[in-house]
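Asks: Would you be able to build a 3D model of this:
(one chain, ligands or ions: 1)
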Amino acid sequence: MGLLDGKVAIVTGAGGGLGEAYAKLFAAEGASVVVNDLGGSRDGSGNGTSAAAQKVVDEIIAAGGKAVANGDDVSTMAGGENIAKTALDNYGQIDILVCNAGILRDKTFANTTEADWDLVVKVHLKGTYCCTMPVWKWMKDNGKPGAIVMTSSTSGLYGNFGQSNYGAAKAGIYGFMRVLSIEGRKYGIRVMGLAPGAFTRMTSDLPGRQGKEPDAMSLPENIAPGVLYMVSDLAADHTGKVLGVSSRGVREIKMLQTDGFNPGKPYTAQDVADHAKEVFFPAAEEKTAASA
Ligand code: NAD
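Replies: Sure thing, here's the model as predicted:
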């Protein structure tokens, strides 16, 4: 008995890295998986192929699982529709979508070109939209409950140096997830956010990581169980929440507000300054990405 027996899952950007690990674990847990990837470079340049997706599919099938490859670009509506169609043509239903595909073009803000901004936002934020819309409509129109995981990042939720385009896209995904989770309640569609941390080609050259062997808990296969939990019925009671899943385990990340300063009558800027202790969190209580 697998946790995903009889379910159909789409994982975008699953030709390598985290997506590959999710696809393989979902298949091992009984799901039929659409492995999407256009096989591009880390910065999204060049023409990709579906060879990376096909390799993962071949490995899933060799291990006794069910999977089919798709090489569409997640960031176009036609691509998103074809990814959903691949699932429906091959397996007749869609239960799970993990929007995972992504690229990086890290630069300090002043050096970020319009093209760097547009492509990163397009692949992450619009890509999440393009893949979610056809799946959403199918689930809603057919009265099928489902689980959608959208990949955000601590870089968007907390901020990170040199990632203005990426952080903006990932924070946008957070807002998208929150809204859709509210709309999804009446259809039984759960929408969750994910802030992963793993050693992949995307992160292998981060400061402090160059030339280092990844620690075992940072490997994508040790992150995937947290994501399997999110898409499985084990998490049936949870929607609209972000889980951080990394070598430090699994934890919820939440937007918080202080009790604030509320005088109940017109106030001045100086009044706000005088009540800064009520307005802001004490610095020691702030958990940042590094400590999350
Ligand atoms: P990765 O580069 O190994 O994998 C990303 C995959 O997406 C690649 O296989 C790539 O070919 C594919 N892809 C890129 N653009 C695509 C497109 N337009 N259409 C289809 N496929 C496309 O990176 P990863 O570390 O496995 O990242 C997976 C996701 O997790 C990304 O959304 C990333 O932003 C996010 N993330 C990763 C980390 C981390 O620590 N690795 C941290 C925070 C967020």
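Asks: elements contacting the longest strand along the chain?
Replies: In the chain, taking DSSP state E as the definition, the longest strand is strand 189-196. Counting contacts by 3 or more C-beta pairs under 8 Å, 6 or more residues apart in numbering; DSSP states H and E, strand 189-196 packs against helix 127-141, strand 146-151, helix 164-184, helix 220-231, strand 242-246. The C-beta positions use only the backbone N, C-alpha and C, and glycine is treated the same way.
Asks: Mind checking those for the one nearest to Pro214?
Replies: The closest of the helices and strands packed on strand 189-196 to Pro214 is helix 220-231. By C-beta to C-beta, the value is 9.5 Å.
Asks: which bits of the stretch 51-200 of the chain sit near the ligand?
Replies: Residues of the stretch 51-200 of the chain lying close to the ligand by C-beta under 6 Å from any ligand atom are 52, 73-75, 100-103, 123, 127, 151, 153, 196-198, 200.
Asks: out of the helices and strands packed on strand 189-196, nearest to Gly2?
Replies: Taking the helices and strands packed on strand 189-196 one by one with C-beta to C-beta, helix 220-231 is closest: 9.9 Å.
Asks: got the buried residues for the closest one?
Replies: Pro220, Asn222, Ile223, Ala224, Pro225, Gly226, Val227, Leu228, Tyr229, Met230, Val231 (16 or more other C-beta atoms under 10 Å).
Asks: Make CSV out of those residues and add pLDDT.
Replies: As requested, the buried residues of helix 220-231 are exported to CSV (pLDDT from 0 to 100):
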residue, pLDDT
Pro220, 97
Asn222, 96
Ile223, 97
Ala224, 98
Pro225, 98
Gly226, 98
Val227, 98
Leu228, 98
Tyr229, 98
Met230, 98
Val231, 98
